[in-house]
Each structure stands twice: as C-alpha cells, then as structure tokens.
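[1] Predicted model, plus sequence, below.
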Amino acid sequence: MNRFYKRYSDIIFQLLSEERWNSLAVLSDKTGFSKTTIWRDLEFLESVLPEDWVFEKNEAYGVRLIKPENGTLEGLLGQIREKNTYLHTLKIILLNDGVDVSQICQEVHISRSTAYRHLEKLQEVVKEAEVTLTASPFRLEGDERKIRRFIMQYLDFMSFETNLVKEELDAGRFQEHLVKMFARFSMSYRTGALYRLTIILFIANHRASMGHYISYPDSVLKTHEGSKYFELTKRLLPFMVKCPRREIQLQEILYIAIFIMSEERPLNRTKHLQYIHKSMKSERGYPMSVFLKKLDKYIGLPISQDDIFLFHFYQSLKRISVETEFETETVKNSALQYLDFFEGNQLYQAIAQIAKECFTHYSLLLKKLDILEIFAITQAAIIRRWNNHKIQVAVMCRTYSEKDYIREILNYHFYSKLEITCLDPSSVHLLYMYEEFDLLISAGELNPSDARIEHIPKIIISSFPTSAELREINHFIMDHFFGNLGVTKEMVYPFNEPV
C-alpha cells in the first residue's frame, strides 16, 4: 500500500530530515526521481498540505518545508494518505460487499478511465494479500482470515480512528469493558492493545454483518475452547454481532480470542525473564538462543543480557508465532512509511539475514515490518548502552581557576559521558598507579617528561577550550564507544550525525 504515495513520502522525509534548503538536483539525487517529477509532486503536495505547513521556494536555493511547532511526519503523511485516490478506492472496496465503477467514481470523484486504472493497480496489492478482487461488482473473495488480515493492514496503515465507528461499535464503552475483563482474568496487555483489539472487533462485526464468517478447523476450536482467552472473549459477546448459529458464533469468539492471546503481556517481568532464560536452554527455545548469539557476535556487545531488550524481543516472537499460525496481523502497519529509509541500513539487513538463518527452518516467517520492530528494539538496546557509557578522564590543569573552569565546561558539554578526576602536574604519577583512566586531557602542553605517557590517549586543549577541541573530545567519546562494538556509527540512530 505504501507504493501509492511513496514518492511523496520520500520527498517529505528528505525535506524534514535536513531542515534546510534543497535544490531539485539534490532531491533528485537522493530520491532517484527526475526533477520534473519532483516539481510536479511538490505542486500536488502544496495543494494538500495541512494548515500551517508551508513549502518555501527560491530560485537560487531550491525548496524547503517549514513545519508548525507541533507538526509531525506521521500527521502530515496521514493527511496526504487521506487525499490519495488509490487508497480511497481501496477503502470503498474493503468496507463494502461489492461496488461498481459508478459508485467508485461518485465517491472518489474520479473519471471512469481513472477508476479502471486504479483498479488495475490495486489488483497487484490484492494479489500480495493472497485474496482475489472480482469484477462487476468489485468485491474481495478468498479465505476470510486473509481478507480480514488485509482489512486490518489497511486500517492500521491509514491510522484508523476508532471513534469514527460509533454507529457500529461504541469504542469507548468497549475498551472500558475490555480493561475490566483483563483485570478480572488477572491479565495485562501490550501497549496499544486496546486500539488494535477495537479495530479487530470492528472488522469482525463488519464482515459478520455482511454474512462473511471466520472458520477454523474443529481441532483448533477444541484446543482453545475453555482457555482464559476464550472465556474472556465470551464476556465480550454484547459487543459482537450475533451470528445465525452457535457453531458460527463460537468461531467468531475464537477469532477475537486469538488476538487477545497475542496481545497478552506478562504481569511480572522478573519472573517472565526467568522463564525466558530457562526456555532458551530447551529445544523449543533453541532458535531464539542461536539468533541472539549471532546478533551478540555481530554487534559486539551481549545484547541478550539486556533484560529490557530480551523481554520485548520475546514478546515480538510470541506475536509473530501467533500470526504465522493463525494468519492474523497486529504489527503497526503505519510504520510502512519508514521502511524504505531503514531497509538499506546494515544493521537492519544483518538482523533480516540472521532471522532467516535461524527461524525459517522452524516455519517462523518474519516479514519486513517484523524485522523493523526487532531493528527498533535492537537500536534501543545499543542507545541504552550508549546512554550509560562513561569514560574515566584525568584532566590536568595548572591553576585552580583553570581546573574549575575546564571541569565545568566539560560537565556542561559531556556531563553524562565523563567521570572527571582533576590532577595537577605533580600528580602525574597517579596515571601509572591506577589503570582505570581512558583519556588524559591536558590544559596546555605537557612537560617533556609527561609527554612520554603512551598508555593513555591524550588530548591537548586550551585554557579556554575552542569548539574544535571540544569536537575532538566528542569524537573520542564516540570512537571509544563504537570501538568496542561490531557496528559502526552509520548503523545506529541518528546515523552519520553526532549523538
């Protein structure tokens, strides 16, 4: 679905990430689109920009995008998606039980020839979803599980607002009731679960109201009937469409129960981490264990010992396992708009390759958005390590005022990164007595005898440090951190920019 406005999102991403003037030639080089195409796209974007967003154009400098104080990339792209006639056409097909070309033309405000071109392009997207788009009327047909999964992908991608479905579902009342049911069954849920479960219930009710019901093998129903997930879902029946037969109603209950199972979150992180560590030693946890060992080796730090990462990674694998088995989907599809910008990242590619090596044999298939989710929590673990990274620094000064000034300057610029010990030239012997120092910063040239210090890196600064000298210290801090890792600065956010 991202293909239908990829050019627009690429251009906007470049303009927002740089926050400066960009010539058409530079934009063309960075996006791969011709200058003519970019100019045409800019004219369209200018016509659909939300209030307070402004394109500034200059013959000499090019173009730049000025965003309002609280403007976000998601908000802007969401507005553009709403104006996209391809996505509007797809919405009409997904949320109706058959439409003709006249209806599409009337609702989307396009000509018949444009509508047919749109439908031809949409066939490619529908095919990837493993369902069929029939003609006259245009309707989705195929496995009901895959149709509902496709609708979920679309609504999530379009940042579907649950408060817009009041005529079919009171989202607020449903979520309040759902929270009470989770508490009654002593269960917790993942961040964003209430929103996702509301969309799932809306889709289930919408499809069931048109006579399209879900169907699982009897063996699956017998396995899960009576589970806490199934029993919890039964208490959501007042919010569900009533089905003509009990057998069908049980299938619809099972459908919602599977998503609740996927969204469950452990109540006690410490106990769950003990369970994860234990399971990694078993045959069942072998693929996960191998994946983490390979990722540790690639990154150069024991990321598997980061409890926050391990906890979230296990939850991701659980979700992926449920989605693979039952052909469901709850991953954040709105993240598709960022996928193009990270697929070329070396760390993203490494995670994708390691996942393929470790999980394919076990029929656990990770999609691109699954890799992006693991990429994000891996980035978070590396940045968490960076945030806790400190360097032991000996600062050699010759006067009290110099020591006081330089110490505060270093604290101001690098407070979270430097553990400072101030010395004077008579204390230089301490550098030989204690091995914990990572760097010697000296205000002014060292004495000839001190200049022979070779076991510690040295940076000479002025009594009033210059910007260039402070940048040299910053580069040392970054090199010291990344020097212990297998990844490079370009692999870790914010990529190519100073941390």
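    Okay, I see it.

[2] Please identify the buried residues of stretch 316-326?
    Within stretch 316-326, the residues scored as buried using 16 or more other Cβ atoms under 10 Å are 316-320, 322-324, 326. Heads up, the C-betas are built off the backbone N, CA and C, glycines and all.

[3] Check what contacts it and list those residues.
    145, 216, 258, 261-262, 288, 328-331, 363-366, 370, 373-374, 377 (Cβ atoms under 8 Å, 6 or more residues apart in numbering).

[4] Inside helices: which ones of the buried residues of stretch 316-326?
    For the buried residues of stretch 316-326, the ones inside helices are 316-320, 322-324, 326, with DSSP state H as the criterion.

[5] buried subset of the contacts of stretch 316-326?
    Listed as buried from these are 145, 216, 258, 261-262, 288, 328-331, 364, 366, 370, 373-374, 377; burial here means 16+ other Cβ under 10 Å.

[6] Which pair in the residues you listed has the greatest spatial separation?
    216 and 377 (31.0 Å; Cβ to Cβ).

[7] and residue 355, how many neighbours does it have?
    Each residue near residue 355 was counted by other Cβ atoms under 10 Å, and the total is 22.

[8] my bad, residue 35
    13.

[9] If we only consider the buried residues of stretch 316-326, which is nearest to residue 405?
    residue 316 (48.8 Å).

[10] Give me the mean pLDDT for the helix or strand where residue 92 lies.
    Using DSSP states H and E, the element containing residue 92 is helix 85-94. The pLDDT scores in helix 85-94 average 94.

[11] any low-confidence regions in this protein?
    1-3, 161-168, 331, 446-452, 494-499 (pLDDT under 70).

[12] what residue lies at the spatial centre of it?
    residue 373 (5.1 Å; Cα atoms, centre = their mean).

[13] export the ones in helices among the buried residues of stretch 316-326 to a markdown table and tack on distance to residue 194?
    Listed next are those as a markdown table, based on distance: Cβ to Cβ, whole Å:
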| residue | distance to residue 194 |
| --- | --- |
| 316 | 19 |
| 317 | 22 |
| 318 | 18 |
| 319 | 16 |
| 320 | 21 |
| 322 | 18 |
| 323 | 19 |
| 324 | 24 |
| 326 | 20 |
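
[14] Pick out whichever of those sits closest to residue 210.
    Nearest member of these to residue 210, counting by Cβ to Cβ, is residue 326, at 21.7 Å.

[15] residues contacting the closest residue to residue 24 other than its chain neighbours?
    Excluding the flanking residues, the one nearest residue 24 by Cβ to Cβ, 6 or more residues apart in numbering is residue 35, at 4.3 Å. Counting by Cβ under 8 Å, 6+ apart, residue 35 makes contact with 24-25, 27-28.

[16] Restrict those to the buried ones and give me that as a ChimeraX selection.
    Selection of buried members from the contacts of residue 35 for ChimeraX, criterion 16+ other Cβ under 10 Å:
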select :24,27,28
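
[17] Let me see the domain layout of this structure.
    Domains of the chain are assigned by automatic domain parsing as 2-81, 84-142, 165-265, 269-386, 391-491.

[18] would you list these in CSV and tack on distance to residue 151?
    Converted to CSV, the domains of the chain look like this (distance: least, Cβ to Cβ, whole Å):
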stretch, distance to residue 151
domain 2-81, 16
domain 84-142, 5
domain 165-265, 5
domain 269-386, 10
domain 391-491, 36
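
[19] Ok, which of those domains comes nearest residue 158?
    Nearest of the domains of the chain (Cβ to Cβ): domain 2-81, 5.9 Å.

[20] next one: that closest one to chain centre, how far?
    Between the centre of domain 2-81 and the centre of its chain there are 22 Å (Cα atoms, centre = their mean, to the nearest Å).

[21] for the stretch 301-450 of the chain, what spans make up the helices?
    Remark: helices assigned in the stretch 301-450 of the chain by DSSP state H, counting those that start in this stretch are 307-326, 336-342, 346-359, 368-387, 400-414, 430-433.

[22] and of these, who's closest to residue 9?
    Among the helices of the stretch 301-450 of the chain, if distance is taken as Cβ to Cβ, the winner is helix 336-342, at 5.2 Å.

[23] And the closest one, what's buried?
    By neighbour count with 16+ other Cβ under 10 Å, helix 336-342 contains the buried residues 336-338, 342.

[24] out of these, which one sits closest to residue 296?
    Using Cβ to Cβ, the buried residues of helix 336-342 come closest to residue 296 at residue 342, 21.1 Å.

[25] Please give me every residue in contact with that closest one.
    Here residue 342 is in contact with 348, 372, 375 (Cβ under 8 Å, 6+ apart).

[26] Verify the stated contact: the second one with residue 349.
    No: Residue 372 lies out of contact with residue 349 (Cβ atoms under 8 Å); the separation is 11.8 Å.

[27] Which one's more surrounded, the two?
    residue 372 (21 against 15).

[28] Look up how far residue 44 lies from that one.
    Computed as Cβ to Cβ, to the nearest Å, the residue 372 to residue 44 distance reads 28 Å.

[29] cool, residue 58 as well?
    For residue 58 relative to residue 44 (Cβ to Cβ), the value is 20 Å.

[30] Comparing those two, which residue is more hemmed in?
    residue 44 (13 against 10).

[31] Can you give me the neighbour number for residue 32?
    10.

[32] The stretch 201-350 of the chain: strands as residue ranges?
    With DSSP state E, counting those that start in this stretch as the criterion, the stretch 201-350 of the chain has strands at 264-265.

[33] returning to that earlier point: mind checking which of the contacts of residue 35 are in strands?
    Of the contacts of residue 35, none are assigned to strands by DSSP state E.
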